[in-house]
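Peer 1: Sequence first, then the predicted structure, then my questions.
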Amino acid sequence: MMESVQQTITRVSQELNCSPTSRRLAEHLDRHDELQKLLTLYDPTYITKYIKEELEKWATIGVHGHLKGSRPWAWAEETLEELMAKIVGAKPEEVALMNGLTVNLHLLMLSFYKPTPKRYKILLEDMAFPSDHYAIESQIRLRGQDVTDSMLIITPRQGDDTIRTEDIVSVIEREGDAIALVMLSGVQYYTGQLFNMEAITRAGHTKGCLVGFDCAHAVGNAELQLHDWNVDFACWCSYKYVNSGAGGLAGAYIHEKHAHSVKPTLMGWWGHNLKTRFLMNNEMELQPGVNGFRLSNQPVLLVCPLQASLEVRHHTQRGCQLSLCFSRPIRTVFQELEKRGVYVFRVIYNSFESGSANQNQAPELSTL
């Protein structure tokens, strides 16, 4: 039977004849940590290298950087889409790296949410991330629909913290004829619930609904097979579990079955076929699928940290969310942790010793 974390710490501290909270124990754990070699990769070593390469290119060849180098500015983000496609379980041509999450969510909903007098509702979960809730609400208003009547919010059963899959399916079966779009999270940010996207998508399609997911907390955190699950569309950010830094380049996905039937409502230059884009003839040659939803040139300085992170993730194949449930109000726990210099729980790019140093600077957590 495998030891618990507490048992391991107790055993090793006894072997070393030291306190479980001592720096000596932390240093010992660091020396024997199998993940220690990954720590240097989050320095962020490669991000600095890649950004310097682009700044040097800008300084030496100027505008020619659009077409030269390992990251030509005109299509730099496209060099990463195969790596990203593997993470979300899609074909490279079904994925585009562009904009921010909420921008992509709006672009996708403009094309996928087409309310009719009989089918006009959007199904979303209770406590959805604010970006999703606000975007859905504004899309409903944009179509002249009543928000109260059109937002169908599903909540957990009394006494439950998460929403049961059978309850989601039941709502879809009962209300499906009036639901235009099922729009849920991949992983619920507040509870950490991993939704059964395959079952939900199947249920939605059975009732004629389109199904989309905000995968911000799922990408790089949970196994995804968006293509095989037949998900219609999805979007995500890259600064959480993909670790590309605040405001990093976001992603969008559209299943290949919609490549020629679903068109962008708003178009931009970057949605034009790359082969003829720079002919500047103002005759739109729209790329099929999600690539046609591109609006403009993506900042290469945002491509660099995403590339560094995707390359590390490609080698390590790691990442998982840990959701904690406290008996005390979470705000109280947060405030007590903050007093002690703890702002983010991180595993791969933190050491045991750094955690020990923070703990030794503050009183014990006995009040919790």
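Peer 2: Received, thanks. Numbering: from 1, shown residues only.
Peer 1: Residue 274 contacts residue 75, doesn't it?
Peer 2: Yes. Counting by C-beta atoms under 8 Å, residue 75 is a contact partner of residue 274 at 6.2 Å. Yep, even glycine has a C-beta here, placed from its N, CA and C like the rest.
Peer 1: how about the helices of the protein, start to end?
Peer 2: Residue ranges of the helices in the chain, as given by DSSP state H, are 5-16, 23-31, 45-61, 81-88, 101-112, 130-142, 147-150, 165-175, 197-206, 274-277, 300-316, 330-339, 352-360.
Peer 1: Tell me the helices and strands packed up against the third one.
Peer 2: Translated: helix 45-61. helix 300-316 (3 or more C-beta pairs under 8 Å, 6 or more residues apart in numbering; DSSP states H and E).
Peer 1: May I see the buried residues of the helix it packs on?
Peer 2: 300, 302, 303, 304, 305, 306, 307, 308, 309, 310, 312, 313 (16 or more other C-beta atoms under 10 Å).
Peer 1: Turn those into TSV, columns for pLDDT.
Peer 2: Shown next, in TSV, are the buried residues of helix 300-316 (pLDDT from 0 to 100):
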residue	pLDDT
300	96
302	96
303	96
304	95
305	94
306	95
307	94
308	91
309	89
310	90
312	77
313	65
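Peer 1: Between the residues you listed, which sits nearest residue 2?
Peer 2: residue 313 (25.9 Å; C-beta to C-beta).
Peer 1: Where does the prediction get shaky in the stretch 201-350 of the chain?
Peer 2: 313-324, 342-350 (pLDDT under 70).
Peer 1: All the strands of it, in order from the start?
Peer 2: With DSSP state E, counting those that start in this stretch as the criterion, the stretch 201-350 of the chain has strands at 210-214, 233-236, 251-254.
Peer 1: Can you give the strand pairings for the first one, parallel or anti for each?
Peer 2: Pointing back at strand 210-214 there. Partners of strand 210-214 in the sheet, by DSSP bridges, are strand 179-185 (parallel), strand 233-236 (parallel).
Peer 1: which other residues reach it?
Peer 2: For strand 210-214, the external contacting residues (C-beta atoms under 8 Å, 6 or more residues apart in numbering) are 101, 105, 108-109, 112-113, 129, 131-132, 180-186, 195, 197, 200-201, 204-205, 226, 231-236.
Peer 1: Likewise for stretch 64-72?
Peer 2: So stretch 64-72 is contacted by 50, 53-54, 57-58, 61, 73-74, 79, 300, 303-304, 307 (C-beta under 8 Å, 6+ apart).
Peer 1: Recalculate using a threshold of 10 Å.
Peer 2: 50, 53-54, 56-59, 61, 73-80, 278, 297, 300, 303-304, 307 (C-beta atoms under 10 Å, 6 or more residues apart in numbering).
Peer 1: Just the buried ones from those residues?
Peer 2: The neighbour-count criterion (16+ other C-beta under 10 Å) marks 50, 54, 57, 73-78, 80, 297, 300, 303-304, 307 among the contacts of stretch 64-72 as buried.
Peer 1: Name the nearest of these relative to residue 288.
Peer 2: Among those, and counting by C-beta to C-beta, the member closest to residue 288 is residue 78, at 14.6 Å.
Peer 1: distance of that closest one from residue 276?
Peer 2: Separation of residue 78 from residue 276 (C-beta to C-beta, to the nearest Å): 16 Å.
Peer 1: Please apply the same query to residue 118.
Peer 2: Residue 118 is 42 Å from residue 276, by C-beta to C-beta.
Peer 1: higher neighbour count, those two?
Peer 2: Using other C-beta atoms under 10 Å, the more surrounded residue of residue 118 and residue 276 is residue 276, with 11 against 8.
Peer 1: which residue packs closest to that one, ignoring adjacent ones?
Peer 2: residue 285 (5.5 Å; C-beta to C-beta, 6 or more residues apart in numbering).
Peer 1: Please tell me how far the one you found sits from residue 124.
Peer 2: In terms of C-beta to C-beta, residue 285 sits 36 Å off from residue 124.
Peer 1: Same question for residue 214.
Peer 2: Taken as C-beta to C-beta, the span from residue 214 to residue 124 is 9 Å.
Peer 1: Compare the two and say which is more crowded by neighbours.
Peer 2: Just comparing residue 214 and residue 124: by other C-beta under 10 Å the higher neighbour count belongs to residue 214, 29 against 22.
Peer 1: thinking again about what came up before, using CSV, lay out the buried residues of helix 300-316 together with distance to residue 257.
Peer 2: Listed next are the buried residues of helix 300-316 as CSV, based on distance: C-beta to C-beta, whole Å:
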residue, distance to residue 257
300, 32
302, 30
303, 29
304, 33
305, 33
306, 27
307, 29
308, 33
309, 30
310, 26
312, 33
313, 28
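Peer 1: between the strands of the stretch 201-350 of the chain, which gets nearest to residue 7?
Peer 2: Taking the strands of the stretch 201-350 of the chain one by one with C-beta to C-beta, strand 233-236 is closest: 37.0 Å.
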